[in-house]
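Engineer: Need coordinates for the below:
(chains A and B)
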Protein chains: 2
Amino acid sequence: MFNRAEITFLGTGTSIGVPVIGCDCEVCASDDPKNQRLRSSILVKTHEVTFVVDTGPDFRQQCLREGICDLNAVLYTHSHSDHVMGFDDLRRFTVFEDEQIPIYAESETMERLKASFPYIFDGENRYRGYLKVDPQVIEGDFKIGEIDVTPLPVTHGKVETIGFLFSSGVERLFAYIPDAKELSSEAMDRIRGIDLLILDGLQPGHHPTHLSIGEAVELAQQLDVEQTWLTHFSCRVNYEALEPRLPDGIGLAWDGMRIAL
Amino acid sequence: MFNRAEITFLGTGTSIGVPVIGCDCEVCASDDPKNQRLRSSILVKTHEVTFVVDTGPDFRQQCLREGICDLNAVLYTHSHSDHVMGFDDLRRFTVFEDEQIPIYAESETMERLKASFPYIFDGENRYRGYLKVDPQVIEGDFKIGEIDVTPLPVTHGKVETIGFLFSSGVERLFAYIPDAKELSSEAMDRIRGIDLLILDGLQPGHHPTHLSIGEAVELAQQLDVEQTWLTHFSCRVNYEALEPRLPDGIGLAWDGMRIAL
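Structural biologist: Okay, the predicted model is just below:
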């Protein structure tokens, strides 16, 4: 059913992206496009729907780079600035008066979106060219077209955030967890033995609110995942130096990378 | 005193930038870099201070392009998303615990910044690597280093916004008014006969909340301005086609353009 479906990594960078403003480290100075990272987000296309997870400040740039002209839905993992501040650029997907785009977020994230972009939610600006949204508060599993979406609670420092498991009936397609320090037991149970996992792996060293690459590798192996792609990298991740050192079945994603589902 | 001072246009685009997501017009498809516009902002450098006016969603990209590594202050014209949503990316200018950056905004704009980015203002996140600001509510003229700054009230559709007049003692350096439909009589009086004006000139045709190019040209001539650079353009502005048709002393700015003061 999902032939020709694919995931595109719109960004694989942490909150400040790579290169980092004012940083002269070897990764920030690198010419390797796999070391250049916009803020984390993925695009998912199936034969019937196209959606993104998160719209950080680079969202317009990501749409232009990937030629995104249609979107059926937007999902949010949490309300940190690097995941939401491109929200207004969704306006290009609801140009006409009668168009609106469903946005899926947990209650707290939706409230933050409303506080940051009140003019989009107050009902007064439903003109041509403005962003018009259909807010859907996530309270459990939901569907986008034929895809079943399951929110996966994870912790990320002081905030609770969610990842998503995407399924088609009994078939689990993949899970996306870009910001996590620990996975809830519920999330672990849902993704154990999955074929494809995209997981936070900030950097080689320890970080209080993100999984390190070592922690992410250990977690993926514990969970018996077939293929894991790490994402949400800082400039401490030098693609060429690190990629060959990862175990089989675990890789570093890069901006623009596509995975056929 | 201001030798080697200059203005750099970080962006000359309207709210959605150019190219526009999903638009196939000749300007959006153009290879001319003068038709490629990030969201409007300027960088001002003098021998003693460096500051920007507005930080839209493209702010990180603009800093990387122009190699901006130091900033002494940030000024805001108003709180529309295309002028503020890159706010968090200022964190790279306050890396250390004891660093903070002064931000200047009128009361309403400051309140919107606080509502959109509460974690930056709540006093709890003054760590290394986070953005730490010194909020300065504009209530009249103020100084950045030796430069006198005068807020210029203008209307921009339903919102009141401000432009800025920058002076050095009795010498008026330039005025920057990126979003305006009408200038207040106070603003008109302050900039009449000025040498250098940067002014909203959205597009050739009428728009309810922005000066058209024709209106901006008329206004600049009425005000007897020596040199005017228009900015904040939509994709209806084709640089190569329009620029030669403008009167002497009026030009179209472009991203990356520099003006020596």
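
Engineer: Show me which residues of chain A are close to chain B?
Structural biologist: Within chain A, the residues that sit near chain B (C-beta under 8 Å from any C-beta of the partner chain) are A:15-17, A:19-22, A:57-61, A:63-64, A:68-69, A:81-82, A:85-89, A:91-93, A:115-118. C-beta: built from backbone N, CA, C; applies to glycine.

Engineer: Quick check: ChimeraX command selecting the buried ones in these.
Structural biologist: The buried residues among the residues of chain A next to chain B can be selected in ChimeraX (16 or more other C-beta atoms under 10 Å in any protein chain shown) with this line:
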select /A:15,16,17,19,20,21,22,57,58,59,60,61,63,64,68,81,82,85,86,87,88,89,91,92,93,115,116,117
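
Engineer: A:Pro208: what's it in contact with?
Structural biologist: Residues in contact with A:Pro208 (C-beta atoms under 8 Å, 6 or more residues apart in numbering or on different chains) are A:Gly157, A:Lys181.

Engineer: ok, so what distance separates A:Val44 from A:Ile7?
Structural biologist: With distances taken as C-beta to C-beta, to the nearest Å, A:Val44 is found 5 Å from A:Ile7.

Engineer: My error: substitute A:Lys143 in the last question.
Structural biologist: According to C-beta to C-beta, A:Lys143 and A:Ile7 sit 18 Å apart.

Engineer: ditto for A:His47
Structural biologist: A:His47 is 14 Å from A:Ile7, where distance means C-beta to C-beta.

Engineer: More neighbours: the two, which one.
Structural biologist: Applying other C-beta atoms under 10 Å in any protein chain shown to A:His47 and A:Ile7 shows that A:Ile7 carries more neighbours, namely 23 against 11.

Engineer: Can you give me the neighbour number for the spatially closest residue to that one that is not a sequence neighbour?
Structural biologist: Distances taken as C-beta to C-beta, 6 or more residues apart in numbering or on different chains put A:Ile259 closest to A:Ile7, at 4.6 Å, once the chain neighbours are dropped. A:Ile259 has 17 neighbours, counted by other C-beta under 10 Å.

Engineer: my guess is A:Ile259 is in a helix, correct?
Structural biologist: No: A:Ile259: not assigned to a helix; according to DSSP: H, G, I helix; E, B strand; the rest coil it is strand.

Engineer: And the residue of the stretch 151-261 of chain A found nearest chain B, its phi and psi?
Structural biologist: Chain B sits closest to A:Lys158 of the stretch 151-261 of chain A, with a gap of 9.5 Å, by C-beta to the nearest C-beta. When read as degrees, to the nearest 10, the backbone of A:Lys158 gives phi -80, psi -20.

Engineer: Name the nearest residue to it, sequence neighbours excluded.
Structural biologist: A:Lys158 sits nearest to A:Thr209 (C-beta to C-beta, 6+ apart), 7.6 Å away.

Engineer: what about the one you found, neighbour count?
Structural biologist: Counted with other C-beta under 10 Å, A:Thr209 comes out at 14.

Engineer: And it, which helix or strand is it part of?
Structural biologist: Counting by DSSP states H and E, no helix or strand carries A:Thr209.

Engineer: give the contact list for it.
Structural biologist: By C-beta under 8 Å, 6+ apart, the residues touching A:Thr209 are A:His156, A:Gly157, A:Lys158, A:Lys181.

Engineer: go again using 10 Å as the cut-off
Structural biologist: For A:Thr209, the contact set (C-beta atoms under 10 Å, 6 or more residues apart in numbering or on different chains) comprises A:Thr155, A:His156, A:Gly157, A:Lys158, A:Val159, A:Asp179, A:Ala180, A:Lys181, A:Asp200, A:Leu202.

Engineer: Drop anything exposed from the residues you listed.
Structural biologist: Buried members of the contacts of A:Thr209, counted by 16+ other C-beta under 10 Å: A:Thr155, A:His156, A:Asp179, A:Ala180, A:Lys181, A:Asp200, A:Leu202.

Engineer: these two touch, right, the fourth one and A:His232?
Structural biologist: If I follow you right, that is A:Ala180. Yes: if you go by C-beta atoms under 10 Å, A:Ala180 and A:His232 touch, sitting 9.0 Å apart.

Engineer: Pull up the overlap in contacts between the two.
Structural biologist: Common neighbours of A:Ala180 and A:His232, counting by C-beta under 10 Å, 6+ apart, are A:Leu199, A:Asp200, A:Gly201, A:Leu202, A:His210, A:Leu211, A:Ala216.

Engineer: Show me the shaky parts of chain A.
Structural biologist: By pLDDT under 70, the low-scoring segments of chain A are A:1-3.

Engineer: can you pull out the helices in the stretch 151-261 of chain A?
Structural biologist: Assigned by DSSP state H, counting those that start in this stretch, the stretch 151-261 of chain A shows helices spanning A:185-191, A:213-222, A:239-242.

Engineer: Any buried residues in the longest one, and which?
Structural biologist: When you say that, I think you mean helix A:213-222. For helix A:213-222, a neighbour-count test (16+ other C-beta under 10 Å) marks A:Ile213, A:Glu215, A:Ala216, A:Val217, A:Leu219, A:Ala220 as buried.

Engineer: could I get the residues you listed as CSV with distance to A:Ala241?
Structural biologist: Putting the buried residues of helix A:213-222 into CSV (distance: C-beta to C-beta, whole Å) gives the following:
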residue, distance to A:Ala241
A:Ile213, 12
A:Glu215, 19
A:Ala216, 17
A:Val217, 16
A:Leu219, 22
A:Ala220, 20
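
Engineer: For A:Ser185, state which of the residues you listed is nearest.
Structural biologist: If you rank the buried residues of helix A:213-222 by distance to A:Ser185 using C-beta to C-beta, A:Leu219 comes first, at 12.8 Å.

Engineer: For the closest one, give me its contacts.
Structural biologist: The neighbours of A:Leu219, taking C-beta under 10 Å, 6+ apart as the test, are A:177, A:180, A:182-183, A:188, A:191, A:197, A:199-201, A:211, A:225, A:228.

Engineer: Please apply the same query to A:Trp229.
Structural biologist: By C-beta under 10 Å, 6+ apart, A:Trp229 lies in contact with A:7, A:9, A:12, A:174, A:176, A:196-199, A:201, A:220, A:250-254, A:257, A:259.

Engineer: Give me the buried subset of those residues.
Structural biologist: Among those, those scoring as buried are A:7, A:9, A:12, A:174, A:176, A:196-199, A:201, A:220, A:250, A:252-254, A:257, A:259 (criterion: 16+ other C-beta under 10 Å).
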